[in-house]
Each structure stands twice: as C-alpha cells, then as structure tokens.
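**Student:** Need a 3D model of the sequence below.
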Amino acid sequence: MEPILDDHMHLDPDHGRGIEAVKDFSRSGGTHLLVVNKPSWHLGDLPDSGDDFRHVFETTLGAVADANDVLSGRAWPVLGVHPGLVSQLTEAGHAPEDAGEIMRAGLDLASEYLDGEALGLKSGRPHYEVSDAVWDASNETLKHALALGAEHDCAVQLHTEGSEDLSEIADWAEDRGLPAHRVVKHYANGRLKGPTPSVICDKDELRRAAESGEPFLMETDFIDDPDRPGAVMGPKTVPRRVKWLREEGYEGAMQSAHVETPEDVYGIDTVGTLDE
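**Tutor:** Below you'll find the model as predicted:
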C-alpha cells in the first residue's frame, strides 16, 4: 500500500457526515488526512475571546481521534482561525483592529495544542474585496500566525486570495524565522511562487503541478456541510486522482506529493505511519 494524503479536509461529526466521510476516503484507498477545523461560526456563536475557539478545536481533535480508528495510516489536526471571520466580526459591530485581536487570540489558543496534538496552524486573509482597514488587520493576523509557526516549529496553512505568486507572504515567513516551504497555500493552482501549493484536485491543475517538478500537496477541501453534500470536492477525490495520475505516468510526482513533501513541510512520515 502506498500513502495517499488529503492535505485539507473538514469533518463535522455533529452536523455533517463525520466518520462516514473518512470511511469513504479509506475505502477509496486514502490513508492519511490533515483535518482542518471548520470556520468557527459554523460551530457556534461568534467569538469574543480566544477561549471561545476551544470548542471548535476540541471538536476537531475528537474527529481526528475517530478517524485514526478507521484509517490505515493516520490523521492529524490543523487548528486555527479562518480569515473570513474578520468579516463576520466587523459586520457584528467590531472594529477591524478589535476583530484582529480576537482572531490572534484564537491563534494563540490553537498554538497551545501544538505540543503533541495539533500538527500545524491555519490562518490567511480574505479572498474577496475588503476595506483597507480590514485588509491591514488581516495581514497582521496572518503575520502573527507565521510568527507562531516559527516559534513552535510548525507549518502554517493559509487561506488567501487566488494567486500564483505569494512570494511576499513567503518573505514575511522567512523574516519571522519560518522557512517559506513550510507555508502552505490551501486551494492552490498547479503553479505557485513562494509557499508550497496544496493543489485542489482539478485535473488540469494537478497535471500542471505534476509537470512542474516542484513540491506540491493534494486536497479536496471537503467541507462536510449537510446543506452542500460533496462540496468542495468529495472525500473519494484524492485517491481517485492519485490513481489517475499514476496511470498518466506521474509516479514520481505522487511520491513527492504523498511522501516527500509531507515530510519536508510537516515533518510527518506517511510511510512509517501506515498500519501503525
């Protein structure tokens, strides 16, 4: 059995498919998962402090523990604060600076789980048009996440605007002591300057990534929302795309995406954790 990692999946055991989605992934040949907590406003009230994120993180840790009973490899949690929360908070009456403080407090709490429980942090900035004040607050929050990643020697997954050049963010990471390759652009295209791309499983983008010769990861961004079944992509997608890419002759790229790059970025051993 070869490792197959989905780099960005959400699980909602209370409202979504939860462990059934993991079973679909496993039956399709998937072995390893990075489970990212859902946006906090999907799992409760808007936060007023860092501790208000605890329920969100604990829910994700529970989903990961259940997934580990199913997978032939294992799952790891990635915890943090979705950058879209800034709009939720400002629309509720918070000033952008105050919203940023709440989000940074959430990241501080997420970092407390990095000693043995969480694998990395999640942050970013809005992928849609916002005011200058919201953009500035969001970038301060993103920079805070990069600093935490450097402090705790962990990778940081980012949700950002669509771009094939995020070298500015990679420079921000390096300035704070976090190697640029340990910054991961979630929902990436097949080519990207700066961070490591986690490529959404569109066939054209995967082919671009495989042909680039550069490190990349693969993801579905499955959101486990009962109102949007299968969105963004279903849990069977990464294993199916891996099979297709191998048939297309990209065996080396699959070794990179599911063994070498996960080790370089996250420090995980997807081969050694098979059938633990």
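
**Student:** quick one, helices of the stretch 151-276 of the chain?
**Tutor:** Remark: helices assigned in the stretch 151-276 of the chain by DSSP state H, counting those that start in this stretch are 167-175, 203-212, 237-247, 251-255, 261-266.

**Student:** Buried residues of the second one, list them for me.
**Tutor:** By neighbour count, and taking 16 or more other C-beta atoms under 10 Å as the criterion, the buried residues in helix 203-212 are E205, L206, R207, R208, A209, A210. Backbone N, C-alpha and C define where each C-beta goes, glycine included.

**Student:** do the third one as well
**Tutor:** Using 16+ other C-beta under 10 Å as the test for burial, helix 237-247 gives T237, V238, P239, R240, R241, V242, L245.

**Student:** So what's the residue count around G272?
**Tutor:** The local packing of G272 (other C-beta atoms under 10 Å) involves 11 other residues.

**Student:** So it versus L148, what's the distance?
**Tutor:** 27 Å (C-beta to C-beta, to the nearest Å).

**Student:** Distance-wise, check the closest residue to H127 other than its chain neighbours relative to I223.
**Tutor:** Sequence neighbours aside, E161 is the residue nearest to H127 in space, at 4.5 Å (criterion: C-beta to C-beta, 6 or more residues apart in numbering). E161 sits 19 Å away from I223, going by C-beta to C-beta.

**Student:** Looking at these two now, which is surrounded by more residues?
**Tutor:** The residue with more neighbours, out of E161 and I223, is I223; 21 against 12, by other C-beta under 10 Å.

**Student:** could you say which helix or strand contains L71?
**Tutor:** L71 is part of no helix or strand when elements are defined by DSSP states H and E.

**Student:** which residues touch it?
**Tutor:** The contact partners of L71, by C-beta atoms under 8 Å, 6 or more residues apart in numbering, come to V22, F25, S26, G30, T31, H32, L33.

**Student:** Tell me the one of the residues you listed nearest D153?
**Tutor:** Distance to D153, by C-beta to C-beta, is smallest for H32 among the contacts of L71, at 20.5 Å.

**Student:** residues near the closest one, how many?
**Tutor:** Count around H32 with other C-beta under 10 Å applied: 24.

**Student:** again with the one 4 residues further on
**Tutor:** The burial metric for V36, expressed as a neighbour count using other C-beta under 10 Å, is 25.

**Student:** Quick check: it touching Q157?
**Tutor:** Yes - if you go by C-beta atoms under 8 Å, V36 and Q157 touch, sitting 6.7 Å apart.

**Student:** ok, now how distant is T261 from V64?
**Tutor:** 21 Å.

**Student:** hey, where'd the strands end up in the stretch 1-150 of the chain?
**Tutor:** For the stretch 1-150 of the chain, the strands defined by DSSP state E, counting those that start in this stretch cover 5-9, 32-36, 75-80, 120-124.
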